[in-house]
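Novice: Give me the fold of what follows.
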Amino acid sequence: MNRSMGLSVGVLVILGAIVVFHIAREDSPAGVAPAPGGGEAHGVGDAPVLRQSGPVAGPAARPEAGAQSPAAGEAAPAPKPVASRVDEPTGPASAWKPPLEVCERRIAAGEIGAALRELGHRYRQSRDAAARSFWREPLLGWAAAFLHGPSLKDPHAGMYDRYVVQPGDLLVRIAARLRRDQQILVEPTFLQDVNRIGDPTRLRAGQTIYLPNVNPSVVITLGEFRLDLFLGDCLFESFPVGVGRDDGTPAVDFTVGEKLEEPDWYFAGRKIPYGHPDHELGERWIGFVHETHQGYGIHGTHDDRTIGKAVSRGCIRLRNADVLKVYRWLPKGALVTVRP
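Specialist: Residues are numbered from 1 along each chain as shown. This is a model prediction of the structure:
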């Protein structure tokens, strides 16, 4: 090949490359390079936005500081959720607190009975030990203020009726009439305590006292080692207890049966009298009645170390000071619910 022919071939090759370059430019959008990874490029004015064909994860999905605002006509991205304020209640307490606040407001408005019944019912039905613990102390404080004795603000708080003592009345007779005529179960000693009567034999004709219009009951929660005494749906008092070892206390509904002061203890064919060193029943016995579960009840103990433990033969143990109160307040025939 001579020199002139070689130069001609070289010129033709250069011209062909130029033509191919211009064809490629005509086939692509002006000024936009093909999107990498098979994606599709969409230009908006002078601010091209790359739309990936798949989901974008990781830091690349977050807008960088100083990113350009969307052009006119383009929808702004949805705002991200704002985190909760650090001083707002979080966790379970955020659900427990509102019912307590409602109760406080209703009590301040004078709706004492309705408020205590509503929160007391919630407390009674709850199986959440932490929630019950959250509500217990406020409820017991209100019970002491409004249920344990006449209050100057609301003497009966919706659970008591006023009664004017008649000539010849005694608390034992009044309690018997309530049981007979209204099916309200009440101990004379309960009436004595809530009315702050020093000598129950010396009632004065014309004196105003307060009689409950709802029945007392007990709920024993074995897993919490807790006995709760209710007046209607209102929590009246609460005590720690000892329960049966090896699931020895049946979770059933009992009713209160025989009640004994300074009881003798009959065990393993022996009669162990009150005061004997081997006696385990403490100061009081409150027997349970059930069709199949016999021999169970509530009693005191001389060993407070057993309270809060599963150590008994199936009965419910209270400190002696506590069983004296329950004995005075819990009448025969009252419902006792034992639950896990």
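
Novice: what helices or strands is the helix or strand encompassing Arg132 leaning on?
Specialist: Using DSSP states H and E, Arg132 maps to helix 129-146. Packing contacts for helix 129-146, counted by 3 or more CB pairs under 8 Å, 6 or more residues apart in numbering; DSSP states H and E, involve helix 93-108, helix 112-125, strand 234-240. C-beta coordinates here come from the backbone N, C-alpha and C atoms, glycine included.

Novice: between the ones you listed, which gets the lowest average pLDDT?
Specialist: Here the lowest mean pLDDT among those goes to helix 93-108, at a mean of 91.

Novice: Figure out which of the helices and strands packed on helix 129-146 is closest to Ile316.
Specialist: Closest to Ile316 of those is strand 234-240 (CB to CB; 9.6 Å).

Novice: show me where pLDDT drops low in the stretch 151-300 of the chain?
Specialist: 151-157 (pLDDT under 70).

Novice: Sketch out the helices for the stretch 151-300 of the chain, chain order is fine.
Specialist: 171-182, 188-194 (DSSP state H, counting those that start in this stretch).

Novice: count of residues packed around Asp181?
Specialist: Look at Asp181: counted by other CB atoms under 10 Å, it has 8 neighbours.

Novice: ugh, wrong one, Asn215
Specialist: When neighbours are defined as other CB under 10 Å, Asn215 has 17 of them.

Novice: The spatially most central residue of the chain: what's its closest spatial neighbour, skipping adjacent residues?
Specialist: When the chain is reduced to its mean C-alpha position, the nearest residue by CA atoms, centre = their mean turns out to be Ala131, at 2.7 Å. Nearest residue to Ala131, sequence neighbours excluded (CB to CB, 6 or more residues apart in numbering): Trp96, at 5.1 Å.

Novice: Next up, the contacts around that neighbour.
Specialist: Ala130, Ala131, Phe134, Trp135 (CB atoms under 8 Å, 6 or more residues apart in numbering).

Novice: Now for the third one: which residues touch it?
Specialist: Taking CB under 8 Å, 6+ apart, we find Phe134 in contact with Ala93, Trp96, Lys97, Leu100.

Novice: In CSV: those, plus distance to Gly149.
Specialist: CSV is the format used below for the contacts of Phe134 (distance: CB to CB, whole Å):
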residue, distance to Gly149
Ala93, 32
Trp96, 28
Lys97, 29
Leu100, 23
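
Novice: Look up the closest residue to Tyr274, ignoring the ones flanking it.
Specialist: Leaving out its chain neighbours, the residue that sits closest to Tyr274 by CB to CB, 6+ apart is Glu262, at 4.4 Å.

Novice: what's the answer for Tyr296, then?
Specialist: Distances taken as CB to CB, 6+ apart place Phe288 nearest to Tyr296, at 4.5 Å, with adjacent residues excluded.

Novice: is it true that that neighbour touches Asp253?
Specialist: No: counting by CB atoms under 8 Å, Phe288 sits too far from Asp253 to count as a contact (9.7 Å).

Novice: Common neighbours of the two, please.
Specialist: With CB under 8 Å, 6+ apart, Phe288 and Asp253 have common neighbours Val336.

Novice: Neighbour count: those two, which is higher?
Specialist: Under the criterion of other CB under 10 Å, the comparison of Phe288 against Asp253 puts Phe288 first, with 22 against 13.

Novice: Against Gly232, how distant is that one?
Specialist: Separation of Phe288 from Gly232 (CB to CB, to the nearest Å): 21 Å.
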